[in-house]
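Engineer: Return atomic coordinates for the entry below.
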Amino acid sequence: MVLTETEKRVVGYIKEYRKKGYSNEKIKSALLKSGVSQAMINKCFKIASSKVWLFVLFSLLVIGVLVLGYFLLNEVECVSERDCDTGYDCQEGECVLVVEEDECVFDADCDDGFECLLGECSLIEEEEPECYFDKDCDTGYDCESGVCERAGIEPQCGDGECVTGEESCYLDCGCTTNAQCQEYGSYLCGSSGQCYYSLGISGSSSSSSSSDTGTSELYL
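Structural biologist: Predicted coordinates for the structure are as follows:
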């Protein structure tokens with residue numbers, strides 16, 4: 001577009017006073033007072049504005065080329081986190097793997113009621129007791145502190161069974177002297193090593209024990 005000398009001066013005037021901070025209305029008013037036609041003023045404003053936009057676009061283009069050249073020369077991998085894959089952070093133009101620090105290492109690092117599992121403090125889940133009463137367990141098991149345990153035979157002297165804890169019960173676990181059996185009353189120690197109840201009946205017997213004591217033997 002070829003401009004006349006007057007149009008060139010008007011365009012220059014508009015640019016100069018815009019830089020000084022004057023509004024478009026004040027510039028137009030001053031030009032009208034100077035005898036410039038409204039049509040020329042409108043034309044010159046369009047030219048001045050278009051040149052400004054061209055300058056802005058050109059500047060942005062130059063900046064873009066410079067940035068692109070910088071990336072190519074320095075092999076910049078990223079500008080922001082969006083340029084990196086998931087789990088990576090953009091640091092100084094490189095995608096760096098983000099390593100999260102563990103919340104805990106030991107249970108002591110967690111609050112009360114929590115335990116350290118795989119680096120995180122997790123709520124401790126209390127296990128439900130296996131049982132509350134003996135009837136909650138299978139036959140042959142008793143409920144002990146919330147756990148079903150095999151029921152043991154309680155030591156009971158005189159039941160004919162020699163079990164652990166009953167070693168001092170001569171009636172069940174055997175004897176060596178009459179004195180041991182006599183602790184339980186009219187009992188004597190027989191030749192078989194077992195306490196027997198003495199009936200106190202005199203007579204003969206084929207067994208060595210009865211012939212020695214002269215009494216009848218009644219074993220438990």
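Engineer: can you tell me the helix or strand for the nearest residue to Tyr170 once chain neighbours are set aside?
Structural biologist: Spatially, and ignoring its direct neighbours in sequence, Tyr170 is nearest to Gln180 (4.4 Å; C-beta to C-beta, 6 or more residues apart in numbering). Just so you know, the C-beta spots here come from the backbone N, C-alpha and C atoms, and that holds for glycine as well. Assigned by DSSP states H and E, Gln180 belongs to helix 178-181.
Engineer: which SSE is Cys78 in?
Structural biologist: Per DSSP H and E, there is no helix or strand for Cys78.
Engineer: got the phi/psi numbers for it?
Structural biologist: For Cys78, the backbone dihedrals (degrees, to the nearest 10) come out as phi -150, psi 160.
Engineer: burial count for it?
Structural biologist: Here the number of neighbours of Cys78 (other C-beta atoms under 10 Å) works out to 19.
Engineer: which strands and helices sit next to the helix holding Gln180?
Structural biologist: Helix 178-181 makes packing contacts with helix 170-173, strand 187-189, strand 195-198 when contacts are defined by 3 or more C-beta pairs under 8 Å, 6 or more residues apart in numbering; DSSP states H and E.
Engineer: Who are the packing partners of the first one?
Structural biologist: This points to helix 170-173. The contact analysis (3+ C-beta pairs under 8 Å, 6+ apart) places helix 170-173 against helix 178-181.
Engineer: got it, and the last one?
Structural biologist: Taking 3+ C-beta pairs under 8 Å, 6+ apart as the contact definition, the neighbouring helices and strands of strand 195-198 are helix 178-181, strand 187-189, strand 217-219.
Engineer: As CSV, could you dump the C-alpha coordinates of that strand?
Structural biologist: Written as CSV, here are the backbone C-alpha positions of strand 195-198 (Å, rounded to 0.1, in the frame of the first residue of the first chain):
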residue,chain,number,x,y,z
CYS,A,195,-2.2,-100.3,95.7
TYR,A,196,-5.0,-102.6,96.7
TYR,A,197,-7.8,-102.3,99.3
SER,A,198,-7.2,-104.6,102.2
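Engineer: Direction included, what does it pair up with?
Structural biologist: Using DSSP bridges, the strands paired with strand 195-198 are strand 187-189 (antiparallel), strand 217-219 (antiparallel).
Engineer: any idea of the mean pLDDT in the first one?
Structural biologist: Strand 187-189 carries an average pLDDT of 89.
Engineer: which of the residues in that strand are buried?
Structural biologist: Under the neighbour-count criterion of 16 or more other C-beta atoms under 10 Å, strand 187-189 has Tyr187, Leu188, Cys189 buried.
Engineer: now these as TSV including distance to Arg18?
Structural biologist: Shown next, in TSV, are the buried residues of strand 187-189 (distance: C-beta to C-beta, whole Å):
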residue	distance to Arg18
Tyr187	131
Leu188	136
Cys189	132
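Engineer: looking at it, Asn162 is touching Tyr170, isn't it?
Structural biologist: For residue 162 the amino acid is Cys, not Asn. No - in this structure, Cys162 is not within contact of Tyr170 by C-beta atoms under 8 Å, at 9.8 Å.
Engineer: re earlier: which one of the helices and strands packed on helix 178-181 lies nearest to Glu149?
Structural biologist: Nearest to Glu149 among the helices and strands packed on helix 178-181 is helix 170-173; the distance by C-beta to C-beta comes to 24.2 Å.
Engineer: so how far is the closest one off the chain centroid?
Structural biologist: Counting by C-alpha atoms, centre = their mean, to the nearest Å, helix 170-173 is centred 59 Å from the centre of its parent chain.
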